Structure formats: C-alpha cells, structure tokens
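S.K.: the following comprises the amino acid sequence and a computationally predicted model.
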Amino acid sequence: MTTVTARIPATLIPGDGIGTEIVAAVVEILDALGAPFDWDRQEGGMAAIKAHGDPLPPALLESIRRTRLALKGPLATPVGGGFRSVNVRLREEFGLYANLRPARTMVPGGRYEDIDIVLVRENIEGLYVAWEHYIAIGDDPHAVAISSGINTRAECRRIAEFAFDYAVRHGRKKVTIVHKANVLKALTGVFLETAREVGRRYEGRVAFDDRIVDACAMQLVLDPWQFDVIVTTNLFGDILSDEIAGLVGGLGMAPGANIGERAAIFEAVHGSAPDIAGKGVANPLALLLAAGLMLDHVERGELAQRLRAAIDATLREDKVRTRDLGGSAGTAEFARAVVRRLG
Ligand code: NAI
C-alpha cells in the first residue's frame, strides 16, 4: 500500500538556457516543501547534442520509461540540422495525449482580475498529425498545399473523459467543449458529438456547454469569467492556451502538463530564454507551478495547495517578484522568499 510518506522516483531534466537556473530554484523550494520526489537527473537539449548527438538521448528516455514521471526544463530545438521537435518526439514516445494548461491571476493589477481557467488540449491528433503534401503545377512545386486532419472517436472520448474527470476531481463546475463543427463537420463534428456524449454521463456532477472556436476566442477577451474548464482539439488548444496565458500576464507564469498512457511530463510553457540565460534573473514560477501540477498528479494535492499558497503570499503580500513581473528579485532571491513562506 502506498503511504503519504512514500518516495516517488522522477526524472529531472534541467534543459537549456535558463533551465539550470529555474530548475535549481524549483528543487530548492520542493525540498523545503518536503516533496516526495527522488530525482534522476538527466541531460537533454543542446548539452545532450554535444555529448550524444541527440537532444533526447537514450538514457533520458530510459529514465522516463522507468519513472513514468518527469519535470522538464526548456529544451532548445536547433533550427535546421534535421532535429525533430523534442516535444513532438516525447508526445509520440510516451503517448502524451492530454495537455493541461491552467491559468490563474496571480499578480493583481493586470488587465484582468480573478481569472481561473483550465484548458485541456488534445495533444496527438487533429491537424497536428501534419499529414501534408504539395502538388506541383508547372514550374511551381508548391502550387497546391494539402493537409489532412485526423480525429478518432476513441481519442475524442479519452480527452473528453480526461477533462470531465479533471473537473470532478478539482471541484470545477463547468466544461466548455470548443469546436468548429459548423464548418469542419467531420473533423471537429466527431469531437463535439463524442464530447457531448461524455458530458451527459457526468450530468449532476459537472455542467457542460459548447462554443465555436472563433466565438470562444472573442468571449475570452470580453468576459473570460464565464469559462471554467475548456476542452478542445489540438490546433485550437494550442492557440487558445496562449490566449488564456495572455489574460494572466503571459508565458512567464504558464505551466503545462503532458499526460499520457506511459508517462506524465511537467514543464514551463516558455522556452530556454537565451537572452537572459546565466544572468540569474529568470522567473522560476512557470516551472514551479508545473511542479505543483506534478504533485496533484501523484495525489499529493495537500502539498500542491501549500506550495500555491506560499507562491501567492510571496507575490501578493511580500511583493517579491522577478523583473518580468515588474519586480527586482533575481531567481535565487525569489526562491528564498517562497522557502521563507513555506517555513
Ligand atoms: P522563450 O520563451 O525562450 O523566450 C521568449 C521571451 O520571454 C524572451 O524575451 C525571454 O527572455 C522571456 N522569458 C521566457 N521565459 C522567461 C522566464 N522564465 N523568466 C523571464 N523571462 C522569460 O522563446 P524563444 O526565445 O522563442 O525560444 C528560445 C528557445 O527555447 C528555442 O530554442 C525554442 O526552440 C525553445 N523552446 C522550448 C520550449 C520547451 O522546451 N517547452 C518551448 C518554447 C521554446
């Protein structure tokens, strides 16, 4: 039987650029919190390319296969050079079908107060299967571009069930199904139809409604408070999740979880920020919030709540903030302030 004191093996990937700095800050805070993770530290990204010729070397993949759990710093994908996106490779390798992107107002005084929206994005199907080709006409090899999208009933059901289960477990009131079934009647029609079927099974526990994606994008700006949990297909989810991050102050505070059959990988949504790497000024908050999602995932919700409360107190009461949030604290100073709040 698992007890609340059980240690949990997890892979830690510091990654590139600011990765090492923000991972060090997050690990310090998690240690102070008494988080149960036993880290297996693995090299990925540019450092791994230098050492092994691959940004995702076998040892890293083997570690995640074993732990089924990872906290990942940003990995730079070199432009050109024939490297496939590391994130797409991880999605495929571990069947990471659900992308969870919560966004909550943390620093008061922005454009919107009291935002609290969770977006669930289908991560492996839709138009992002990227089945694309060109047809040449005359001397123009790119005269016609064709792309096929794929949504399977089984995957639509799985992502909808993920969203509704998430809503129930986290005391959420409503799931909004976002689609474009008025135009893409087959591709997103099957998603709408299946997600509604799933929604009816949750009647009495979680309410649901639906929106066409363009109307949803506008309403997110006009009246974001009407949304609670949103579930949508891959491309729409990609766009709306960045829009929602913008409502609460941008990518610096946006965590993401990629959850699948064979593993769950938690990360900051932002990249390796080469412009500020090594300066000690990066904001570790997005990765820290991702670590909170990781604690939720391993059913240590009480620790996740303590962590989020300490972050809120640091930002709101102590007003310790990094430069990107208008403050003057460096990465390590911010980490120490959160640790003090945990004490
Ligand atoms: P970026 O997200 O690294 O940076 C965009 C801007 O946001 C920069 O001005 C940066 O200084 C700032 N920023 C980002 N994170 C910050 C933080 N924690 N604190 C303070 N400021 C922060 O995006 P960019 O420059 O387009 O990409 C750089 C590299 O990161 C590329 O190699 C890209 O492939 C990779 N990348 C990796 C991702 C991942 O591993 N999940 C996601 C996005 C990009």
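M.R.: Good, I have the coordinates.

S.K.: only C-alpha atoms from now on, for both contacts and neighbour counts.
M.R.: Fine.

S.K.: quick one: the helices in the chain?
M.R.: 19-33, 46-52, 58-67, 86-94, 153-169, 189-201, 213-222, 234-247, 285-297, 301-312, 331-342 (DSSP state H).

S.K.: could these be laid out in CSV, adding mean neighbour count and distance to Asp40?
M.R.: Conversion of the helices of the chain to CSV gives the following (neighbours: other Cα atoms under 10 Å; distance: least, Cα to Cα, whole Å):
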stretch, mean neighbour count, distance to Asp40
helix 19-33, 20, 12
helix 46-52, 15, 16
helix 58-67, 16, 7
helix 86-94, 16, 17
helix 153-169, 19, 28
helix 189-201, 20, 38
helix 213-222, 15, 40
helix 234-247, 20, 30
helix 285-297, 23, 15
helix 301-312, 18, 21
helix 331-342, 20, 22
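
S.K.: those: which one's closest to Asp318?
M.R.: Nearest to Asp318 among those is helix 331-342; the distance by Cα to Cα comes to 8.2 Å.

S.K.: how many degrees apart are the closest one and helix 19-33 in direction?
M.R.: For helix 331-342 against helix 19-33, the angle by axes from the mean of the first three to the mean of the last three Cα atoms, to 10 degrees is 10 degrees.

S.K.: helices or strands next to helix 331-342 in the packing?
M.R.: Contacts defined by 3 or more Cα pairs under 8 Å, 6 or more residues apart in numbering; DSSP states H and E place helix 331-342 against helix 19-33, helix 301-312.

S.K.: so for the last one, what's the average pLDDT?
M.R.: Rounded to a whole number, the mean pLDDT of helix 301-312 is 97.

S.K.: please save the CA atoms from it in PDB.
M.R.: The C-alpha trace of helix 301-312 is given here as PDB (Å, rounded to 0.1, in the frame of the first residue of the first chain):
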ATOM      1  CA  GLY A 301      -2.700  17.700  -3.500                       C
ATOM      2  CA  GLU A 302      -2.200  19.000   0.100                       C
ATOM      3  CA  LEU A 303       1.500  19.700  -0.800                       C
ATOM      4  CA  ALA A 304       0.400  21.400  -4.100                       C
ATOM      5  CA  GLN A 305      -2.000  23.600  -2.200                       C
ATOM      6  CA  ARG A 306       0.700  24.600   0.400                       C
ATOM      7  CA  LEU A 307       3.000  25.400  -2.500                       C
ATOM      8  CA  ARG A 308       0.400  27.600  -4.300                       C
ATOM      9  CA  ALA A 309      -0.400  29.400  -1.100                       C
ATOM     10  CA  ALA A 310       3.300  30.200  -0.500                       C
ATOM     11  CA  ILE A 311       3.600  31.500  -4.000                       C
ATOM     12  CA  ASP A 312       0.500  33.700  -3.700                       C
END
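
S.K.: just checking, what packs against it?
M.R.: Using 3+ Cα pairs under 8 Å, 6+ apart: helix 301-312 touches helix 19-33, helix 285-297, helix 331-342.

S.K.: which of those helices sits closest to Gly249?
M.R.: Using Cα to Cα, the nearest of those to Gly249 is helix 285-297, at 11.6 Å.

S.K.: and the closest one, what does it pack onto?
M.R.: By 3+ Cα pairs under 8 Å, 6+ apart, helix 285-297 packs against helix 19-33, strand 69-72, strand 255-259, strand 264-268, helix 301-312.

S.K.: can you tell if the longest one touches the ligand?
M.R.: So that's helix 19-33. No. Helix 19-33 stays clear of the ligand (Cα under 6 Å from any ligand atom), getting no nearer than 7.3 Å.

S.K.: now for that helix, which elements pack on it?
M.R.: Counting by 3+ Cα pairs under 8 Å, 6+ apart, the packing neighbours recorded for helix 19-33 are helix 285-297, helix 301-312, helix 331-342.

S.K.: for the last one, the averaged confidence score.
M.R.: When you say that, I think you mean helix 331-342. What helix 331-342 shows for mean pLDDT is 98.

S.K.: report how many residues lie close to the residue nearest to Asp38 when sequence neighbours are not counted.
M.R.: Excluding its sequence neighbours, the residue lying closest to Asp38 (Cα to Cα, 6 or more residues apart in numbering) is Pro9, at 4.6 Å. For Pro9, the neighbour count with other Cα atoms under 10 Å is 18.
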